[in-house]
Structure formats: C-alpha cells, structure tokens
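[1] one predicted model, sequence on top.
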Amino acid sequence: MEHDEDRDLTTDTGRDAASRHVPVMLDEVLDLLAPALSTEGAVHVDGTLGMGGHAEAVLEADPQVRLVGIDRDPQALALAGERLARFGERVTLVHAVNDEIGEVLDDLDLESVTSAFFDLGVSSLQLDETERGFAYAHDAPLDMRMDPTTGVTAAEVLNTYDARDLTRVLSEYGEERFARKIAGAIVREREATPFDRSGRLVELLRATIPMASQRGGGHPAKRTFQALRIEVNEELAGWARALPVALDRLAVGGRIAVLSFHSLEDRITKRALAAGAASTTPPDLPVELPEHAPELRLLTRGALTPSARELETNPRSASVRLRGAERIRPPRHQEGRTR
C-alpha cells in the first residue's frame with residue numbers, strides 16, 4: 001500500500017488485481033519471513049491484504065503455508081479472492097480492520113501464528129477508484145473511507161469538526177505548517193455551503209496556502225488529504241492497537257514484517273519492536289533474570305529502505321520503511337502457557 005503523495009493517481013478500474021498492484025519490497029519481505037514460512041503447519045496472517053500481491057508470493061514460497069487475509073475494504077477482498085483462488089482451502093479471507101486481528105484469530109481457533117505482515121497506508125485500489133475521494137487530482141465526493149460501508153466520511157469531518165479539532169488533525173496527521181489557517185478557512189467556507197466534493201477543498205487549499213510554500217512543497221492538497229484520510233479511518237490509533245496484539249499472537253520463532261510509508265506509522269512500529277527487544281531488568285539488579293529477558297529479536301538494523309533497482313522499477317516506493325522482528329520467547333504475561 002502506498003500513501004497518496006507516493007503514487008501516480010490514475011484510474012484503473014477495469015484490470016485485475018495482479019495487473020494493478022506491484023508489491024513493494026517483495027524480496028526483502030519474503031527474506032525476513034522465510035524461516036517462519038517454512039515451519040511445519042505454518043500460518044501466515046496478512047493484516048492489510050489489499051489486492052493480495054504479498055500474500056500471493058507468500059503462498060507460492062511454501063506449499064504448506066496457510067493464509068489468513070484481513071482487509072477492511074470489501075472490494076479489495078473480492079479482487080484478492082480472485083487472485084488467490086487457485087490456492088483453494090489454504091486461503092481464508094476476512095472482512096475486518098487490522099486491529100480486530102485477535103478476534104479474527106479467535107474465531108478461527110488459532111491461538112498463534114507463525115508469521116504476520118502489514119502493509120500500512122492507503123492502497124492502490126483505493127486511490128485508483130477516483131469516486132472514493134482519496135485522490136486530490138480528481139474532483140470526487142469527499143468520502144475517503146477504506147470501508148465504504150461504515151464510519152464517518154471526510155465531508156463529515158470537514159463540516160462538523162470545530163476549528164481546534166481540524167487544526168489538530170491537519171497538524172498531527174498531515175504535518176501541515178498552515179493547519180490553523182486552513183482550519184479557519186474551512187470553518188468560514190462551510191457556513192455558506194457545506195463541503196461535499198474534493199475539487200472545492202483543493203481550490204480552498206490553493207487559495208489559503210502561501211504561493212511560496214506551494215512552489216517548493218509539492219501539491220498544496222497533499223498534506224490535508226493525507227490527514228483527513230488518517231482521521232476518517234483511524235489509521236494511527238488502529239495500528240497502535242493492532243501491533244501489540246499481532247506481536248502477542250506470534251508463536252516462538254514466529255516473524256513479523258511491517259511496511260510503513262509515513263513517519264508516524266513507522267514511529268509506532270519502531271517503538272513497539274524496540275520495547276519487545278529490550279530487557280526489563282531493573283537497573284539495581286546485577287544480573288538479568290529469565291523473566292526480564294527480551295521477547296523479540298530485531299531482524300533489521302534500523303529500517304530497510306528500497307534499493308536503487310526497486311526505486312527504478314517502482315518509484316512510488318520512495319518513502320517506504322521496512323522493519324521486522326522474531327519472537328524468541330513467549331510474552332511475559334503468558335509464561336508457562338503452551339503456545
């Protein structure tokens with residue numbers, strides 16, 4: 001999945017999933033997960049299935065792997081289902097948000113998994129479907145819901161949040177320097193006519209953001225659209241809930257890989273993996289007791305970034321960061337339990 005600022009915003013609705021999606025850093029992801037995928041009875045959970053590119057490669061990597069694919073977008077699930085149909089009963093697809101991973105695994109009577117993968121951000125499919133409102137390059141209804149069957153739309157955020165909350169959203173999630181100015185303009189404009197289409201919002205942003213910043217800072221709508229999308233879909237809060245559960249459900253020897261396209265997502269990932277890989281031995285203890293030993297082993301030194309070859313063949317991968325970890329002992333709260 002890619003962020004809007006990293007993609008060529010085209011419409012592609014007539015093609016199948018395989019021709020519409022190029023999996024990012026596929027070789028690196030498979031290398032990180034390979035030892036876990038070859039485990040007897042391997043179960044792999046893809047918490048952001050999208051159009052199934054990474055999942056397809058995982059299923060091809062080892063003929064015994066079982067896949068649990070989760071996505072909140074019904075259209076993505078349908079396309080991925082067609083792509084993965086040849087794998088038959090090895091594939092289970094579930095319509096859910098990734099922070100419901102615990103409930104999904106419980107429903108499938110899976111106490112643990114041997115590998116997990118998350119490809120964060122907005123998907124190629126969602127950007128390609130212009131009528132869903134993710135792409136600022138096209139005038140469309142201000143929706144931006146990854147699951148169009150539930151939740152508030154971007155238009156509702158724009159028309160109901162007060163200036164303070166709009167400023168917070170734009171500043172925190174879009175890292176927009178002119179958040180307060182934009183929020184004020186939105187509140188004034190909606191008093192005359194509520195916002196319902198992206199074209200009008202883009203016009204407001206062009207008129208509000210100083211021209212000097214527009215010349216050097218990319219498209220003036222980039223940060224605002226990103227912020228609205230993250231707010232509408234609760235992406236960061238959802239990821240902060242999903243990651244600890246995913247780590248908790250990894251079996252000993254299990255591995256996780258995470259692709260992030262935004263620094264805020266990557267920060268959540270980095271902190272959670274670092275915490276799991278750190279000893280909890282109190283400073284005044286001279287030796288580390290077994291119960292204080294790290295639970296995880298980091299598989300990447302810092303974050304992996306795209307190779308020059310990847311950037312050449314897939315320029316949209318420029319901002320991606322890949323991190324991975326392996327569970328080396330049961331979670332502390334589960335010590336003594338059979339996993």
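    Here it is on my side, so go on.
[2] CA atoms for contacts and neighbours, from now on please.
    OK.
[3] what's the average pLDDT for the longest strand along the chain?
    For the chain, the longest strand by residue count, based on DSSP state E, is strand 250-260. Computed over strand 250-260, the mean pLDDT rounds to 97.
[4] please apply the same query to stretch 187-200.
    Mean pLDDT, stretch 187-200: 96.
[5] could you dump the longest strand of the chain to PDB, C-alpha only?
    C-alpha atoms of strand 250-260 as PDB (Å, rounded to 0.1, in the frame of the first residue of the first chain):
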ATOM      1  CA  LEU A 250       3.300 -14.700  17.200                       C
ATOM      2  CA  ALA A 251       4.500 -18.200  18.200                       C
ATOM      3  CA  VAL A 252       8.000 -18.500  19.400                       C
ATOM      4  CA  GLY A 253      10.100 -18.500  16.300                       C
ATOM      5  CA  GLY A 254       7.400 -16.500  14.500                       C
ATOM      6  CA  ARG A 255       8.300 -13.400  12.500                       C
ATOM      7  CA  ILE A 256       6.600 -10.200  11.700                       C
ATOM      8  CA  ALA A 257       7.300  -7.700   8.800                       C
ATOM      9  CA  VAL A 258       5.900  -4.200   8.600                       C
ATOM     10  CA  LEU A 259       6.000  -1.700   5.700                       C
ATOM     11  CA  SER A 260       5.300   1.900   6.600                       C
END
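[6] report the buried residues of whichever helix or strand comes after that strand.
    Heading C-terminal from strand 250-260, the first helix or strand you meet, by DSSP states H and E, is helix 263-276. For helix 263-276, the neighbour count (16 or more other CA atoms under 10 Å) marks 265-266, 268-270, 273-274, 276 as buried.
[7] now helix 263-276, how far from the chain's geometric center?
    With CA atoms, centre = their mean, to the nearest Å as the basis, helix 263-276 stands 13 Å off its chain's centre.
[8] who are the packing partners of it?
    Contacts defined by 3 or more CA pairs under 8 Å, 6 or more residues apart in numbering; DSSP states H and E place helix 263-276 against helix 235-248, strand 296-298, strand 321-327.
[9] deepest of these, which one?
    Of all the helices and strands packed on helix 263-276, strand 321-327 has the most neighbours on average by mean count of other CA atoms under 10 Å, namely a mean of 24.
[10] what pLDDT, on average, does it get?
    97.
[11] please enumerate the helices of the stretch 1-150 of the chain.
    Assigned by DSSP state H, counting those that start in this stretch, the stretch 1-150 of the chain shows helices spanning 17-20, 26-37, 53-61, 74-84, 101-107, 124-128.
[12] rounded mean pLDDT for the longest one, please.
    Helix 26-37 comes out with an average pLDDT of 96.
[13] quick one: the longest strand of the chain to strand 321-327, angle?
    For strand 250-260 against strand 321-327, the angle by axes from the mean of the first three to the mean of the last three CA atoms, to 10 degrees is 180 degrees.
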